[in-house]
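Chemist: Could you look at this predicted model? Sequence included:
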Amino acid sequence: MHKTFLNYIGGEWQTSKSGDILSSYNPANKTEVVGSVQKSTREELDEAAAQAKKAQKAWRKLAGAERGNYLYKAAVIMEENLEEIATTMTKEMGKSLPEAKGETTRGIQILKYFAGEGMRSDGDVIPSTDPSALMFSKRVPIGVVGVITPWNFPVAIPIWKIAPALIYGNTVILKPASEGSVTAAKVIECFEKADFPAGVVNFITGSGSVIGQGLAENKDVNAVTFTGSNNVGKNIGNIVGARGGKYQLEMGGKNPIIIAEDCDIEAAVDATLSGGLKSTGQKCTCSSRVIVQSAIYDQFKERLIKKAKEITVGDGMDASTWMGPCANEGQFNTVKYYIDKGKEEGATLALGGNQLTEGNLKNGYYIEPTIFDNVTSDMTIAQEEIFGPVLALMKVDTIEDAIAVANDVEFGLSASIFTKISIIY
Ligand SMILES: NC(=O)C1=CN([C@@H]2O[C@H](COP(=O)(O)OP(=O)(O)OC[C@H]3O[C@@H](n4cnc5c(N)ncnc54)[C@H](O)[C@@H]3O)[C@@H](O)[C@H]2O)C=CC1
Ligand SMILES: O=C(O)CCC(=O)C(=O)O
C-alpha cells in the first residue's frame, strides 16, 4: 500500500480540501505506484504564503550561525536517510541508484556548505572619500521565496534553491514537479525532523498551472526561483517581474561537446557517453551536440558506437544498469518525436532509435542509446532540447568551424572541449 504525502504548511502536515491526489508511477514499471501527493488548491497555497511571511519576521532576526545549525541538522538527518531517499528517487524518476545516491549526497553537501555560509562575510566595507563616513554593503533577505522545481534532480535542485534562501533569512515554499514530489516530500521530512521554526520551510504539491502559477502571482511571495522548461520559465518571469518581484530562471540547454583532432579519443568517447547519456540525457547540462573534427571523425564515431552498444539499459535499481528509462510517459513520447524528426530531416541513424521491449523492459519507458550521424546545424535535433538518450554527431574541419557550430544555437548553458591545445580568445 503506497502512502499519500501531505502538504507541509506552517509546521504541520496538512490535508488538501480538494480531495484529489496525483500518483507517481515508476517509469521502470509503469503500473507500480511509488506514492501519491495531493492536488492542492490556490487557497492552500495562499495559506502557505501567509505562514511563510509570518515566520520570516523571527527567522531573519536569528544569527546566521543559528540558522546554519538548522541547515546542518537537516543535512545530518538526510545522511541518515540517504538510502531511502535515493531509492525513492530511482523508483520515482528512473535514474540509476548510484546516480541517485550521488545526487542525494550532493544535496547533503550543499546543505552543509550553506550552513557554513551563516558564519561567512555577508557584506563589504567600501572605501569612502569622506573620512568620517562608513560605507558598507550587507546582504539582507528578500522575504518569502517560492521554489518551483523539475523532476530530473528531485533532491539537488530543491536544496540548491532552498539552502541559500534560508541561510540569508528568507522563508521558503517548495512546489516540486509532480513526477518528483514523493522524493521531495522525503527531503522535507528531514527538514521537519530538524525542527525548523513553523512556517520557515513549507511544501505544497499540485499542478503547475495552479500552484506554480499561484506562486508566481502571490504578492506575499517576494521572489521565485524556477528550473524547468523555457516556456513555463518565461511565463513565470513575466508574471513575477510585472508585479515587481524578483525571479531566477534556469531553463533548457543544447550543449556542445567539441572533439578536437588532437584529443585523447578514449577519454573523449567516455565523456561523450557520460555527458550525453547519464540520467538518460535528462539534464539541462547534457552534452547532446557532439562536434567532431573531420580528421578523427570516423575513428571517433566507430569507438563511440562500439562503446554505446555496451551500455546496459534497465531498471535503475539493478546493479548492472548504466542507463535507466525516460522519467515519464510525456518525456518518452518527446524523445520518440525527436528521433522521428531526426530521421525525417535527413540525419542518419547510426545507433538505436527504438523503444526497448525485451523481457521486463516492456513495462517501462525505455529507449535505446541513440546516435545520429550527418547532423547539420539547421536540423531540429541540433537546435531543440530533447532531454533523452540521443546524441547528434556533427562533422567540422577546423576548430574555428567547431566553435561556430557550437555557438549556432539559441541556448547558452554548458559546453565542453576535448583537446590538448590551449585556446586563447
Ligand atoms: N532545465 C532543466 O533542468 C529542465 C528542463 N526541462 C525541459 O522541459 C521539458 C518539459 O518538462 P516539464 O516537466 O513539462 O517542465 P515544466 O517546465 O513544465 O515543469 C517544471 C516545473 O514547473 C511547474 N509548472 C508547470 N507549469 C507551470 C506554470 N504554468 N506556472 C508555474 N509553474 C509551472 C511544474 O509543475 C514543475 O514543477 C523537458 O522535456 C525539458 O526539455 C524539464 C525539466 C528540467
Ligand atoms: O548537471 C547538473 O549537475 C545540473 C543539471 C541541472 O541543473 C538540470 O538539469 O536542471
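Modeler: It's in. Residues are numbered from 1 along each chain as shown. Ligands and ions are numbered 1, 2, ... in the order given.
Chemist: which stretches of the stretch 301-425 of the chain aren't confidently modelled?
Modeler: By pLDDT under 70, the weakly predicted segments of the stretch 301-425 of the chain are 423-425.
Chemist: can you pull out the strands in it?
Modeler: All strands of the stretch 301-425 of the chain, identified by DSSP state E, counting those that start in this stretch, fall at 348-351, 370-373, 390-396, 416-418.
Chemist: if we look at the shortest one, which residues are touching it?
Modeler: Contacts to strand 416-418, defined as CB atoms under 8 Å, 6 or more residues apart in numbering, come from residues 255-260, 263-264, 267-268, 271, 275, 287, 423. (Each C-beta comes from the backbone N, C-alpha and C, glycine too.)
Chemist: so where is the stretch 101-250 of the chain shaky, pLDDT-wise?
Modeler: Using pLDDT under 70, nothing in the stretch 101-250 of the chain is flagged.
Chemist: Can you tell me which of the strands of the stretch 301-425 of the chain is nearest to Gly64?
Modeler: With CB to CB as the criterion, Gly64 lies closest to strand 416-418 of the strands of the stretch 301-425 of the chain, at 36.2 Å.
Chemist: Neighbouring strands - and their directions - for the closest one?
Modeler: strand 256-259 (parallel) (DSSP bridges).
Chemist: my guess is Asn222 contacts Gly143, does it?
Modeler: Yes: in this structure Asn222 lies within contact range of Gly143 using CB atoms under 8 Å: 3.5 Å.
Chemist: Quick check: residues of the protein near ligand 1?
Modeler: 148-152, 175-177, 208-209, 212-213, 216, 227-229, 232, 235-236, 250-252, 284, 331, 334, 385, 387 (CB under 6 Å from any ligand atom).
Chemist: Return the subset of the residues you listed lying in strands.
Modeler: Using DSSP state E, 148, 175, 227, 250 are the members of those that sit in strands.
Chemist: Scan the residues you listed and report the most crowded one.
Modeler: Lys175 (31 neighbours; other CB atoms under 10 Å).
Chemist: returning to what we had before: tell me, what's touching Asn222 and Gly143 both at once?
Modeler: Asn170.
Chemist: picking that back up, what is the nearest of the ones in strands among the residues of the chain next to ligand 1 to Leu361?
Modeler: Thr227 (29.6 Å).
Chemist: What is the helix or strand hosting Ile188 packed up against?
Modeler: For Ile188, the enclosing helix or strand under DSSP states H and E is helix 181-193. Secondary-structure packing of helix 181-193 (3 or more CB pairs under 8 Å, 6 or more residues apart in numbering; DSSP states H and E): strand 4-5, strand 21-26, strand 29-38, helix 64-80, helix 82-93, helix 156-167, strand 201-203.
Chemist: packing partners for the first one?
Modeler: It refers to strand 4-5. Counting by 3+ CB pairs under 8 Å, 6+ apart, strand 4-5 packs on strand 29-38, helix 181-193.
Chemist: Which element is encountered next along the chain beyond the first one?
Modeler: Think strand 29-38. Next element after strand 29-38 (DSSP H and E): helix 42-59.
Chemist: Can I get that following helix as PDB, trimmed to CA atoms?
Modeler: C-alpha atoms of helix 42-59 as PDB (Å, rounded to 0.1, in the frame of the first residue of the first chain):
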ATOM      1  CA  ARG A  42      -5.000  28.000  -4.600                       C
ATOM      2  CA  GLU A  43      -6.300  28.800  -1.100                       C
ATOM      3  CA  GLU A  44      -3.900  26.400   0.400                       C
ATOM      4  CA  LEU A  45      -1.100  28.000  -1.400                       C
ATOM      5  CA  ASP A  46      -2.200  31.400  -0.200                       C
ATOM      6  CA  GLU A  47      -2.200  30.000   3.400                       C
ATOM      7  CA  ALA A  48       1.400  28.700   2.900                       C
ATOM      8  CA  ALA A  49       2.500  32.100   1.700                       C
ATOM      9  CA  ALA A  50       0.800  33.800   4.700                       C
ATOM     10  CA  GLN A  51       2.600  31.300   7.100                       C
ATOM     11  CA  ALA A  52       5.900  31.800   5.400                       C
ATOM     12  CA  LYS A  53       5.500  35.600   5.600                       C
ATOM     13  CA  LYS A  54       4.700  35.400   9.300                       C
ATOM     14  CA  ALA A  55       7.600  33.100  10.100                       C
ATOM     15  CA  GLN A  56      10.100  35.200   8.200                       C
ATOM     16  CA  LYS A  57      10.000  38.100  10.800                       C
ATOM     17  CA  ALA A  58      11.600  36.000  13.500                       C
ATOM     18  CA  TRP A  59      13.700  33.800  11.200                       C
END
